[in-house]
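Student: missing the sequence, but the structure's below:
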């Protein structure tokens with residue numbers, strides 16, 4: 001004879017039902033595909049209240065701080081020499097670094113994301129690449145990433161989440177120095193400067209003045 005299942009409404013008050021629901025949700029999270037989780041998250045944020053989105057990004061920032069996502073151990077593996085022995089190509093490690101930068105500035109940690117992108121810009125100095133190809137394509141993407149990170153920085157600053165203005169200015173200053181160094185380096189070997197939009201965005205931002 002099947003076991004009799006009873007309902008305990010009082011469990012809602014003492015948290016037992018909530019714990020059971022959380023266990024089921026955790027089971028979903030642990031087993032759903034990344035595509036499903038992204039779709040669920042986007043739907044939840046699109047249909048939820050503004051406070052839900054704020055709580056989501058706050059939780060994301062907390063997690064990213066815990067995992068120290070703003071650090072790059074080394075920039076040596078971001079690019080590799082191509083088959084011709086002269087020009088470089090991007091590596092999977094670069095894609096990983098860019099993904100981390102996007103997570104940071106997407107969560108509202110613009111200056112942390114920008115710092116990581118500055119390291120990538122600095123790593124391109126002294127390298128050469130084909131005018132058409134995977135390297136030129138990814139540099140255009142990085143240029144756009146920097147612009148988006150700067151917008152995130154502005155929102156972080158205007159939202160009152162920048163506690164150290166000097167450190168923020170230093171981050172912008174390092175990016176500007178890297179962009180200028182890249183411009184000079186590319187001019188020497190006759191390449192096309194890849195960070196025009198980023199340079200314009202930094203130059204127009206009053207925080208660095």
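Tutor: Arrived safely, thanks for sending. If you're wondering where the values come from, they're calculated on a predicted model, not measured in any experiment. Numbers count the residues shown, from 1 in each chain.

Student: what about the closest residue to residue 77 other than its chain neighbours, which helix or strand?
Tutor: The shortest distance from residue 77 to any non-neighbouring residue, by Cβ to Cβ, 6 or more residues apart in numbering, is to residue 93 (4.3 Å). For the C-beta atoms, the positions are set from N, CA and C on the backbone; glycine is no exception. Element membership for residue 93 (DSSP states H and E) is helix 92-106.

Student: now swap in residue 26 and tell me
Tutor: helix 16-31.

Student: ok, back up a step: quick check: the residue nearest to residue 77 touching residue 74?
Tutor: No. Residue 93 is beyond contact range of residue 74, at 9.1 Å (criterion: Cβ atoms under 8 Å).

Student: Around the residue nearest to residue 77, count how many other residues there are.
Tutor: Using other Cβ atoms under 10 Å, residue 93 has 17 neighbouring residues.

Student: Then residue 116?
Tutor: Residues near residue 116, counting by other Cβ under 10 Å: 24.

Student: Repeat that for the one 3 residues further on.
Tutor: The number of residues packed around residue 119, counting by other Cβ under 10 Å, is 19.

Student: what about the strands in the chain?
Tutor: Per DSSP state E, the chain carries strands over the ranges 79-81, 88-90.

Student: Pick the most deeply packed of those strands.
Tutor: Stretch with highest mean neighbour count among those: strand 88-90 (a mean of 18; mean count of other Cβ atoms under 10 Å).

Student: Neighbouring strands of that one in the sheet, and parallel or not?
Tutor: Strand pairing for strand 88-90, determined by DSSP bridges: strand 79-81 (antiparallel).

Student: from the middle of its chain, how far away would the strand it pairs with be?
Tutor: 22 Å (Cα atoms, centre = their mean, to the nearest Å).

Student: Helices of this protein, start to end?
Tutor: Under the criterion DSSP state H, helices of the chain are mapped to 11-14, 16-31, 34-47, 50-66, 92-106, 110-124, 134-158, 165-189, 196-203.

Student: which parts of the last one are buried?
Tutor: Within helix 196-203, the residues that qualify as buried are 198, 199, 201, 202, counting by 16 or more other Cβ atoms under 10 Å.

Student: And residue 149, how far from residue 75?
Tutor: Using Cβ to Cβ, to the nearest Å, residue 149 is found at 17 Å from residue 75.

Student: So these two - more neighbours on which side?
Tutor: A direct count of neighbours by other Cβ under 10 Å for residue 149 and residue 75 places residue 149 higher, at 29 against 16.

Student: how much space is there between residue 193 and residue 205?
Tutor: Distance, residue 193 to residue 205, using Cβ to Cβ: 19 Å.
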